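Student: how does the following fold in three dimensions:
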Amino acid sequence: MSTNEAIRDQIRSDYSTIATTSNKAEGTGSCCCAGACGVTESIDPDVLAEQIGYSREELEALPADANMGLSCGNPNVIANLREGETVLDLGSGGGFDLFLAGPKVGKTGKAIGVDMTAEMIGKARKNLEHYTETTGLDNVEFRLGEIEHLPVADNSVDVVMSNCVINLALDKQGVWNEIARVLKPGGRVAISDMALFKPLPESVKGIVESWAGCIAGAALIEELRDQMFNAGLQGVTITPKPEYVRALMNADDPLYKKVVAELPEGESAADYITSVDIAAVNPDGACCGTGCC
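Tutor: Reported below is the predicted structural model:
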């Protein structure tokens, strides 16, 4: 098995475990798999969500176990969703962000989630009943697939959003190419993710859970910008948001402790790692990474 295949299998296994063992509705909490993005026994997922931009009202409106502590920002804030739009969530998990987006696009809009983990898709589809009962809407669906190969038609989406997922992809350029492909002309990107100010020591990438923990796979900010331009996206803005890393460091997150132990003396994780808000537009639609098709 290649290194990339082993990493992908580890990530899939970690998130499958989260999906099958995390259930606040049954009192089992959401800290089944420390090392995945935001998943730590040292901070409650709702507390973390509030610290990175979600309101208490939003959290209370969700199915009880939709928030598994996997977010590093709030892409809904930058999405500016409108009635009748189609929004696509990459790595939609249990439906957390998509269930917040659905009412914004309304009954004439559509909210589509894609996730590579069958267990997450199953969890999200179970949560649909709560969403429909509380909103009266039937505009959300979930599809099994990889974000490098989206099961979505060309030029069919108004907004692509994602929350702490693209850093997990081993072919990030492929992901941005797919985003450009599925976006309509004028379609928008509204993504929260992890990025690096400067390269991490190689020893950090040797910490297995740092991949699922959204650290080892994070790209440099300038690399992200280049990948997006290469995909044909324009109007790219990448805004560092230190609240997420600060919250986990203040909570003595075990993974971040391991990372700090590998850093030069006097440096902290926040010197290297940050959450970012990413925005862009697709001017032409159906671009292939080396130019529009």
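
Student: who are the contact partners of A61?
Tutor: With contact set as C-beta atoms under 8 Å, 6 or more residues apart in numbering, A61 has these partners: 99-100, 134. The C-beta positions use only the backbone N, C-alpha and C, and glycine is treated the same way.

Student: go on, F229?
Tutor: Here F229 is in contact with V236 (C-beta under 8 Å, 6+ apart).

Student: pull out the buried residues from the longest strand along the chain.
Tutor: Ranked by number of residues, the top strand in the chain under DSSP state E is strand 183-196. Within strand 183-196, the residues scored as buried using 16 or more other C-beta atoms under 10 Å are 183-184, 187-196.

Student: tell me which two of these sit farthest apart.
Tutor: K184 and L196 (31.1 Å; C-beta to C-beta).

Student: what's the distance between the closest residue to E243 other than its chain neighbours and E178?
Tutor: Nearest non-adjacent residue to E243, counting by C-beta to C-beta, 6 or more residues apart in numbering: I52, 5.3 Å away. Spatial separation of I52 from E178 under the definition C-beta to C-beta, to the nearest Å is 26 Å.

Student: quick revisit: what lines up beside the longest strand of the chain in the sheet?
Tutor: strand 157-163 (parallel), strand 219-220 (parallel), strand 273-282 (antiparallel) (DSSP bridges).

Student: out of those, the one nearest G206 is which?
Tutor: strand 273-282 (16.2 Å).

Student: any idea how far the closest one is from the chain center?
Tutor: Computed by C-alpha atoms, centre = their mean, to the nearest Å, the chain-centroid distance of strand 273-282 equals 11 Å.

Student: tell me the mean pLDDT for that strand?
Tutor: The pLDDT scores in strand 273-282 average 97.

Student: now swap in stretch 204-217 and tell me
Tutor: Here the average pLDDT along stretch 204-217 is 79.

Student: only the buried residues of it, if you could.
Tutor: Those would be 204-205, 207, 209-217, for stretch 204-217 by 16+ other C-beta under 10 Å.

Student: which of the residues you listed fall in strands?
Tutor: Assigned to strands by DSSP E, none of these qualify.

Student: possible to save the residues you listed as JSON lines with distance to M228?
Tutor: Output for those, formatted as JSON lines (distance: C-beta to C-beta, whole Å):
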{"residue": "V204", "distance to M228": "25"}
{"residue": "K205", "distance to M228": "23"}
{"residue": "I207", "distance to M228": "28"}
{"residue": "E209", "distance to M228": "28"}
{"residue": "S210", "distance to M228": "24"}
{"residue": "W211", "distance to M228": "22"}
{"residue": "A212", "distance to M228": "24"}
{"residue": "G213", "distance to M228": "24"}
{"residue": "C214", "distance to M228": "19"}
{"residue": "I215", "distance to M228": "21"}
{"residue": "A216", "distance to M228": "21"}
{"residue": "G217", "distance to M228": "17"}
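
Student: point out where the stretch 51-200 of the chain drops to low pLDDT.
Tutor: Applying pLDDT under 70 to the stretch 51-200 of the chain flags residues 69.

Student: how about the helices in the stretch 1-150 of the chain?
Tutor: 3-21, 45-51, 56-61, 75-79, 96-105, 118-135 (DSSP state H, counting those that start in this stretch).

Student: buried stuff in the second one?
Tutor: It stands for helix 45-51. Burial within helix 45-51, assessed by neighbour count using 16+ other C-beta under 10 Å, is assigned to 45-46, 48-49, 51.

Student: can I get these in CSV including distance to P151?
Tutor: What follows is the buried residues of helix 45-51, written out as CSV (distance: C-beta to C-beta, whole Å):
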residue, distance to P151
P45, 28
D46, 31
L48, 30
A49, 28
Q51, 34
